[in-house]
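In: Predicted model and sequence follow; I will ask about them next.
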Amino acid sequence: MDHPTSENPGELQEVSLLLTGAEQTPVPCILTKPSRSTKRAVILCHGFLSDKNSRTNRRLTELLVPEGIATFRFDWYGMGDLSKQFPHLTLQQCLDQLNTGVSYLLAQGYSSIGLIGSSFGGFMAILGAAHFPAIRAVGLKCPVVDFAECLQLEFGEQAMAVWKQTHQIPNILNDQELIPLQYAFFEECLRYDGYEWASRITVPTCVVHGEKDDLIPFHQIDRLMKVLAGPKDLRLLPNADHQFGHPEDFRIMTTLLAQWMIQQVKDSGHLSSCHPSAIISPSPDQPFTSESS
């Protein structure tokens, strides 16, 4: 069920909604629509410990909506408006949210949908992209492919042991603080094989990555590009870090992703054959998960 809470007039028509997933997962979201009718939309998936109003999401909205493409941005479970739920974060709930977003857009008449994910959001986009026939293109900004490996590399052996014992992790935004998160989340990440699901993505996929990214090991990007099954394009920015902190790197990254969606997400003129009611709710066993090799 959706609950409109605000709307801004003008060319960028923003409506705040609160949707509810098949597994009763809340989805606080914002749908931004162009002034003219469209069947094209892009779902924007923010990164770990970020929120739906990240600067990347906001800039992509500014670039896409004037081109006649609506955007749908939302908070992952445990982040943004749902930050109090972070200790109980699960990938399954996040997939339920993505499921809900696609279902909602289809029900609203959007038949040609793109999916852009940043970092952790890129990981979720990889897990979900092949599952939805309405997804016509994927854009990935410094995507995580093996999240369990990234967590181990970022935290280190000692912090991983503390996490297992205390169910607390280092806050990557504040080195002095520990934040609660069930260790079961890491164990769940071990069961989600991003490479396996990337190998099922047949739609055009653009990956934008910084060569100075110190959070996502490049071998993950290299292997991702090898396993993607459809048309693919890797854009490496030589001076960019994980945050694309330099203004020019940020401008190039957002422009590349927006242009990719403008080119690939076409107005099909008819609804997808995947009706919202046909979308399967994710579960630990099917259809999203796969044991890591």
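Out: Alright, I've got the coordinates. If you're wondering where the values come from, they're calculated on a predicted model, not measured in any experiment.
In: C-alpha from now on. contacts and neighbour counts both.
Out: Noted.
In: So what's the residue count around the residue lying closest to residue 51 once chain neighbours are set aside?
Out: Counting by CA to CA, 6 or more residues apart in numbering, residue 51 lies nearest to residue 80, which is 4.6 Å off, once chain neighbours are set aside. By the measure other CA atoms under 10 Å, the count of residues near residue 80 is 20.
In: how about the strands in this protein?
Out: Assigned by DSSP state E, the chain shows strands spanning 7-8, 13-20, 26-33, 40-45, 70-74, 112-118, 135-141, 168-171, 174-180, 205-210, 232-237.
In: Using JSON lines, lay out these together with mean pLDDT and mean neighbour count.
Out: Formatted as JSON lines, the strands of the chain follow (pLDDT from 0 to 100; neighbours: other CA atoms under 10 Å):
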{"stretch": "strand 7-8", "mean pLDDT": "42", "mean neighbour count": "12"}
{"stretch": "strand 13-20", "mean pLDDT": "96", "mean neighbour count": "18"}
{"stretch": "strand 26-33", "mean pLDDT": "98", "mean neighbour count": "23"}
{"stretch": "strand 40-45", "mean pLDDT": "99", "mean neighbour count": "29"}
{"stretch": "strand 70-74", "mean pLDDT": "99", "mean neighbour count": "27"}
{"stretch": "strand 112-118", "mean pLDDT": "98", "mean neighbour count": "28"}
{"stretch": "strand 135-141", "mean pLDDT": "98", "mean neighbour count": "26"}
{"stretch": "strand 168-171", "mean pLDDT": "92", "mean neighbour count": "19"}
{"stretch": "strand 174-180", "mean pLDDT": "81", "mean neighbour count": "12"}
{"stretch": "strand 205-210", "mean pLDDT": "99", "mean neighbour count": "24"}
{"stretch": "strand 232-237", "mean pLDDT": "98", "mean neighbour count": "16"}
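In: In TSV: the ones you listed, plus distance to residue 222.
Out: Below are the strands of the chain laid out as TSV (distance: least, CA to CA, whole Å):
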stretch	distance to residue 222
strand 7-8	42
strand 13-20	36
strand 26-33	33
strand 40-45	22
strand 70-74	28
strand 112-118	17
strand 135-141	13
strand 168-171	28
strand 174-180	30
strand 205-210	11
strand 232-237	9
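In: Domain-wise, how is this protein divided?
Out: Domains of the chain are assigned by automatic domain parsing as 7-145+193-271, 147-192.
In: Most tightly packed of those domains?
Out: domain 7-145+193-271 (a mean of 20; mean count of other CA atoms under 10 Å).
In: before we move on, the earlier item: which residues does the residue nearest to residue 51 contact?
Out: Contacts for residue 80 (CA atoms under 8 Å, 6 or more residues apart in numbering) come out as 49-52.
In: a markdown table for the residues you listed, including distance to residue 208?
Out: Output for those, formatted as a markdown table (distance: CA to CA, whole Å):
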| residue | distance to residue 208 |
| --- | --- |
| 49 | 20 |
| 50 | 19 |
| 51 | 20 |
| 52 | 20 |
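In: would a markdown table of the residues you listed with pLDDT and distance to residue 115 be doable?
Out: Shown next, in a markdown table, are the contacts of residue 80 (pLDDT from 0 to 100; distance: CA to CA, whole Å):
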| residue | pLDDT | distance to residue 115 |
| --- | --- | --- |
| 49 | 93 | 19 |
| 50 | 96 | 17 |
| 51 | 97 | 16 |
| 52 | 98 | 14 |
